[in-house]
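[1] pasting the structure only:
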């Protein structure tokens, strides 16, 4: 009898822990908070500006294609907001590098694009936080914009 109860208890713990690890919370945070991070000041040099879809931006002089940045980070020991900000910064750094390679000074129409599903907001990006991994995917159009 004790062995049966131990088996049920073990099966229950495995089921609960599997659910906890499979967490995929969809979170929305202001992109402005990422741009203001102290870490961003050293990584984003200001030569490329970022404009979320629906946000006002200077007139487009030239469009230079589009791109996607899909970044993930380990969530162990990180808060959801901290992990989301860190990985969103990584995505912006990658988009900045691609923009510079194309001669662009902006990434416009920026949307979240996690698992190829668009989330549009003029202020926020979407982040997926799991038990082990946090992920952000951003998609936007490279452009040269006026002042």
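    Cool, got the structure. Keep in mind that what you see is a predicted model, and the values were worked out from it rather than measured. Numbering: from 1, shown residues only.

[2] what about residue 94, how many residues nearby?
    Neighbours of residue 94 under the rule other Cβ atoms under 10 Å: 16. C-beta here means a position set from N, CA and C on the backbone, and glycine is covered the same way.

[3] who are the packing partners of the lengthiest strand in the chain?
    Selection of the longest strand in the chain by residue count, based on DSSP state E, yields strand 60-74. Secondary-structure packing of strand 60-74 (3 or more Cβ pairs under 8 Å, 6 or more residues apart in numbering; DSSP states H and E): helix 80-102, strand 133-145.

[4] mind giving me the packing neighbours of the helix or strand hosting residue 128?
    If you go by DSSP states H and E, residue 128 is part of strand 124-130. Contacts defined by 3+ Cβ pairs under 8 Å, 6+ apart place strand 124-130 against strand 24-30, helix 31-35, helix 80-102, strand 106-112, strand 133-145.

[5] turn these into a markdown table, including distance to residue 59.
    Putting the helices and strands packed on strand 124-130 into a markdown table (distance: least, Cβ to Cβ, whole Å) gives the following:
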| stretch | distance to residue 59 |
| --- | --- |
| strand 24-30 | 25 |
| helix 31-35 | 21 |
| helix 80-102 | 17 |
| strand 106-112 | 11 |
| strand 133-145 | 7 |
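
[6] can you put those in TSV and add mean pLDDT?
    Shown next, in TSV, are these (pLDDT from 0 to 100):
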stretch	mean pLDDT
strand 24-30	97
helix 31-35	98
helix 80-102	98
strand 106-112	98
strand 133-145	98
